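1. Fold the following, please.
(chains A and B)
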Number of protein chains: 2
Amino acid sequence: MSDATPDRLVRVQDNLVEMTKLVRVAMVCATEALLSADVHLAEQVISDDSAINAINASIEQSCLEILSTPQLTPKDIRMAVASLRMSTTLERMGDLAAHVAKQARLRFPYVSVPAELHETFAQMGNIANAIVERTARVIETNDLRYAADIQAEDEVMDAIHRELFGKVLDPTWSHGVEGAIDVTLLSRFYERFADHGVTIARRVAFVVTGENYGVSDLAAAAETE
Amino acid sequence: MSDATPDRLVRVQDNLVEMTKLVRVAMVCATEALLSADVHLAEQVISDDSAINAINASIEQSCLEILSTPQLTPKDIRMAVASLRMSTTLERMGDLAAHVAKQARLRFPYVSVPAELHETFAQMGNIANAIVERTARVIETNDLRYAADIQAEDEVMDAIHRELFGKVLDPTWSHGVEGAIDVTLLSRFYERFADHGVTIARRVAFVVTGENYGVSDLAAAAETE
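-> Reported below is the predicted structural model:
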């Protein structure tokens, strides 16, 4: 039985990677839908979210079964618990991609983002993509250098998020209250998405090292590994 | 060893209730600080968040230790895993209270919420308080009637959140872009806080029944218990 456990944990890990890929597609398509006011693509992202939720439910079930297996090693237990929590976080990342898509759908046939901010949101989409791509890799390889990358990308995302607040509040802002709220909420969705990537990176660091890492310690974790 | 486990789970449950009480104080004080522009109270909420984070870390450690105990019952495993996740959710609720307090601090000596919306935010604060009070009770008693209450309160919160969007976007809105963004983000913090209460209610329902409950099923879970 204890021989079987690592196999089942490997399958959970595969499911997490698969889930991360779906989240990646969701956020890439949501950004595309947002910047091109493509309502069909937005609808697709929203309806495809159920596939992400289904993998989450299946991972939860598997992890509870694994945790009921006798004679797990401490690392197996950490991995099963961390997988459960990573799955929850990925599910939330999928929700955030769906939130972006819903915003795109809400303003159709108009583009929810003012023209002068298209490039900024394209950049946020690229950072989100980079983060989720490294999230898949850190789950797949347990190589904490990807965790450090995720943290670095998250810092760039935070800086853009803060900058956008400044732009919206500037006296030259010409897109009214609705435009300001759209940009503020969208920016927050991307910023939260990136934060969740960091959370997953920390969970992997915990599995690998048995230590909890704080906000700015992932680079250190990668070095001491 | 297996005799010892329920005791340790009971202690974790006590810690969760204690954490819920701190979260409740945080949100009540944050709302008070917000509506009275009390910067000292806001500072206190922000610094007290570390106590909530510390309980979270201690619960995580206890749950991992419990999960390493041989011969747990399936319900013990569900409870340990659910406790871990409830703790994460409570920690996030504490963060949201701190976000409200930070907003109060940001606009000091002004009140971040326009006078005509004071009552609305006081109401959101009251609902948040009711939700977190019932969250403590559902954790303490495992009585799913509290879970159904939490869901009902969450629906009221959602309705207020939607209404506020309407007010901010109304042509008569006279508090500019900054006022609109403040209200939108604050409203979202309360709405998310309530959602997290529902998440905890679902986790308890899962522990009690072994079934996962969806968005509108908690009342049914309370009845079939």
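
2. quick one: is stretch A:35-54 near chain B?
-> No: under the criterion of C-beta under 8 Å from any C-beta of the partner chain, chain B is not reached by stretch A:35-54; the shortest gap measures 10.2 Å. Quick note: C-beta positions are derived from backbone N, CA and C, even for glycine.

3. how far does that stretch sit from the chain's center?
-> 16 Å (C-alpha atoms, centre = their mean, to the nearest Å).

4. pLDDT on it, on average?
-> Average pLDDT, stretch A:35-54: 97.

5. got a list of contacts for it?
-> A:19, A:22-23, A:25-26, A:29-30, A:32-34, A:90-91, A:94-95, A:97-98, A:100-102, A:104-105, A:107-113, A:118, A:121-122, A:125 (C-beta atoms under 8 Å, 6 or more residues apart in numbering or on different chains).

6. And stretch A:98-107, by the same measure?
-> With contact meaning C-beta under 8 Å, 6+ apart, stretch A:98-107 is reached by A:26-27, A:29-31, A:33-34, A:37-39, A:41-43, A:45-46, A:49, A:112, A:182, A:185-186, A:189-190.

7. wait, what's in contact with residue A:170?
-> If you count contacts by C-beta under 8 Å, 6+ apart, residue A:170 has none.

8. And the pLDDT at it?
-> Looking at residue A:170, its pLDDT is 93.

9. out of the contacts of stretch A:35-54, which are buried?
-> In these, burial by neighbour count holds for A:19, A:22-23, A:25-26, A:29-30, A:32-34, A:90-91, A:94-95, A:97-98, A:100-102, A:104-105, A:107, A:111-113, A:121, A:125, counting by 16 or more other C-beta atoms under 10 Å in any protein chain shown.

10. ok, now how distant is the residue lying closest to residue A:142 once chain neighbours are set aside from chain B?
-> Once flanking residues are discounted, residue A:142 sits nearest to residue A:208: 5.2 Å by C-beta to C-beta, 6 or more residues apart in numbering or on different chains. Distance of residue A:208 to chain B, given as C-beta to the nearest C-beta, to the nearest Å: 15 Å.

11. Tell me how many other residues crowd residue A:155.
-> Neighbours of residue A:155 under the rule other C-beta atoms under 10 Å in any protein chain shown: 12.

12. Tell me which helix or strand it sits in.
-> In this assignment (DSSP states H and E), residue A:155 forms part of helix A:144-169.

13. Buried residues in that helix, which are they?
-> Under the neighbour-count criterion of 16+ other C-beta under 10 Å, helix A:144-169 has A:144-151, A:153-154, A:156-157, A:160-161, A:164-165, A:167-168 buried.

14. ok, back up a step: just the buried ones among the contacts of stretch A:35-54: which are in helices?
-> By the criterion of DSSP state H, membership of those in helices covers A:19, A:22-23, A:25-26, A:29-30, A:32-34, A:90-91, A:94-95, A:97-98, A:100-102, A:104-105, A:107, A:121, A:125.

15. Name the residues of chain A found near chain B, please.
-> Counting by C-beta under 8 Å from any C-beta, chain A sits next to chain B at A:57, A:60, A:63-64, A:67-68, A:70-72, A:74, A:77-78, A:81, A:84-85, A:88, A:165, A:168-169, A:173, A:176-178, A:180-181, A:184-185, A:188, A:212.

16. Among these, name the buried ones.
-> Among the residues of chain A next to chain B, those classed as buried by 16+ other C-beta under 10 Å are A:60, A:63-64, A:67, A:72, A:77-78, A:81, A:84-85, A:88, A:165, A:168, A:173, A:177, A:180-181, A:184-185, A:188.

17. Just the ones of the residues you listed in helices?
-> Using DSSP H, these in helices are A:60, A:63-64, A:67, A:77-78, A:81, A:84-85, A:88, A:165, A:168, A:177, A:180-181, A:184-185, A:188.

18. now for the helix holding residue A:155, which elements pack on it?
-> In terms of contacts (3 or more C-beta pairs under 8 Å, 6 or more residues apart in numbering or on different chains; DSSP states H and E), helix A:144-169 is packed against helix A:118-141, helix A:176-209, helix A:218-224, helix B:176-209.

19. and those helices as TSV, adding distance to residue B:139 and mean pLDDT?
-> Below are those laid out as TSV (distance: least, C-beta to C-beta, whole Å; pLDDT from 0 to 100):
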stretch	distance to residue B:139	mean pLDDT
helix A:118-141	31	97
helix A:176-209	23	94
helix A:218-224	32	62
helix B:176-209	6	94
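
20. Can you lay out these as JSON lines showing distance to residue B:132?
-> Conversion of the helices and strands packed on helix A:144-169 to JSON lines gives the following (distance: least, C-beta to C-beta, whole Å):
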{"stretch": "helix A:118-141", "distance to residue B:132": "31"}
{"stretch": "helix A:176-209", "distance to residue B:132": "22"}
{"stretch": "helix A:218-224", "distance to residue B:132": "32"}
{"stretch": "helix B:176-209", "distance to residue B:132": "6"}
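
21. what sits against residue A:164?
-> By C-beta under 8 Å, 6+ apart, residue A:164 lies in contact with A:117, A:120, A:183, A:184, A:187.

22. Would you state the predicted confidence (pLDDT) at it?
-> Reported pLDDT for residue A:164: 96.

23. same check, this time on residue A:76
-> 89.

24. That one is in contact with residue A:9, isn't it?
-> Yes: applying C-beta atoms under 8 Å, one finds residue A:76 in contact with residue A:9, separated by 6.3 Å.

25. anything in contact with each of those two?
-> Joint contacts of residue A:76 and residue A:9 (C-beta under 8 Å, 6+ apart) are residue A:66.

26. Wait, the residue nearest to residue A:142 touches residue A:144, no?
-> Yes: counting by C-beta under 8 Å, residue A:208 touches residue A:144, with 6.2 Å between them.

27. Now do the contacts for residue A:23.
-> Listed by C-beta under 8 Å, 6+ apart, the contact partners of residue A:23 are A:52, A:90, A:93, A:94, A:97, A:132.

28. what's the answer for residue A:197, then?
-> A:93, A:131, A:132, A:134, A:135, A:150, A:153, A:154.

29. Would you check how far apart the nearest residue to the second one once chain neighbours are set aside and chain B are?
-> Just to be clear, that refers to residue A:131. Once flanking residues are discounted, residue A:131 sits nearest to residue A:197: 3.9 Å by C-beta to C-beta, 6+ apart. With distances taken as C-beta to the nearest C-beta, residue A:197 is found 16 Å from chain B.

30. now swap in residue A:46 and tell me
-> 16 Å.

31. Could you check the angle the helix or strand where that residue lies makes with helix B:39-67?
-> Using DSSP H and E, residue A:46 falls within helix A:39-67. On the basis of axes from the mean of the first three to the mean of the last three C-alpha atoms, to 10 degrees, helix A:39-67 is oriented at 50 degrees to helix B:39-67.
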